[in-house]
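>>> let me see the structure of the following:
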Amino acid sequence: MTYSRYQVDRDYLERFRSDGDENVQLVEPLLAFRLARAYRRSRRLREHVRIESAGRTLDEQTYLYVNYKAGKPGFNLAANPARIIGRHGATTFVGSWHMEQPDGYTYAVDLTHHGRQDWDQIHEVLRAFGLHTTVRGEPWHHQASTIRGPLPGPFPDDMQPTEDDLTPELEEKLEGLATWFYNGVTLITNKLDELGKEIAELKEGK
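Residues are numbered from 1 along each chain as shown. Below is the predicted model of the structure:
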């Protein structure tokens, strides 16, 4: 499921690549939307945070894994492209969240601030836009979805989650938002009713 400005957001993210070779065109729609929205609205992100790792093809993931296993210099820990991460619906996620999945998308980005910022401050901004750290010990790794579906956060107007997409955490958050909205509307309505009565009494008193 995608949305109308998906390509616009991917193209916008191009300007925030760290080395210029990070493939943001493979990033899945919800992640692209939330990350682009975060960059557009946060000066801190625009000035200090860059995308250090985005999407990889199967061949690229295999290249990294083979050379990592061979112990070659300059190759860090890389996931086996054949390993099964998990399953959600009809999709089996394999290899790495950075690797292109059967649906054609990748589901994670690694961000960097090149030591110029504090991760806690950056995470505060990112979480507000539905971007979450999902790997223990990796404050740079961010996703908008996991095996269980979308994580809490905003959605494009033309990409609202279906009932099947909702995780228990997201359902709880949306229910809380609905309750907050209902209570807010009720409070405003009651105040308007009170104001209307006061105006009517003032008119009668003239």
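>>> and the strand or helix carrying F33, what does it pack against?
F33 belongs to helix 29-41 when assigned by DSSP states H and E. Contact partners of helix 29-41 among helices and strands, from 3 or more Cβ pairs under 8 Å, 6 or more residues apart in numbering; DSSP states H and E: helix 6-13, helix 43-48, helix 119-128. For every residue, glycine as well, the C-beta is placed using N, CA and C.
>>> so for the first one, mean pLDDT?
Spelled out, that is helix 6-13. Average pLDDT, helix 6-13: 98.
>>> and for the second one?
Per-residue pLDDT over helix 43-48 has a mean of 95.
>>> buried residues in it, which are they?
Of all the residues in helix 43-48, those buried under the rule 16 or more other Cβ atoms under 10 Å are 45, 48.
>>> A90: neighbour count?
Neighbourhood size, A90 [other Cβ atoms under 10 Å]: 7.
>>> circling back to that earlier point, from the chain's centroid, how far away is the helix holding F33?
Helix 29-41 has its C-alpha centroid displaced from the chain centroid by 7 Å (Cα atoms, centre = their mean, to the nearest Å).
>>> tilt between that helix and helix 6-13?
Angle, helix 29-41 to helix 6-13, by axes from the mean of the first three to the mean of the last three Cα atoms, to 10 degrees: 50 degrees.
>>> alpha carbons only: can I get helix 29-41 in PDB?
Listed next in PDB are the C-alpha coordinates belonging to helix 29-41 (Å, rounded to 0.1, in the frame of the first residue of the first chain):
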ATOM      1  CA  PRO A  29       6.100   4.000   1.900                       C
ATOM      2  CA  LEU A  30       5.300   4.600   5.600                       C
ATOM      3  CA  LEU A  31       8.900   5.000   6.500                       C
ATOM      4  CA  ALA A  32       9.500   7.400   3.600                       C
ATOM      5  CA  PHE A  33       6.500   9.500   4.600                       C
ATOM      6  CA  ARG A  34       7.400   9.700   8.300                       C
ATOM      7  CA  LEU A  35      11.100  10.400   7.700                       C
ATOM      8  CA  ALA A  36      10.400  13.000   5.000                       C
ATOM      9  CA  ARG A  37       7.900  14.700   7.300                       C
ATOM     10  CA  ALA A  38      10.300  14.700  10.200                       C
ATOM     11  CA  TYR A  39      13.000  16.300   8.100                       C
ATOM     12  CA  ARG A  40      10.600  18.900   6.700                       C
ATOM     13  CA  ARG A  41       9.500  20.000  10.200                       C
END
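>>> sorry, back to before: ranking the helices and strands packed on helix 29-41 by burial, who's on top?
Among the helices and strands packed on helix 29-41, helix 6-13 has the highest mean neighbour count (mean count of other Cβ atoms under 10 Å), at a mean of 17.
>>> all good on my end, thank you.
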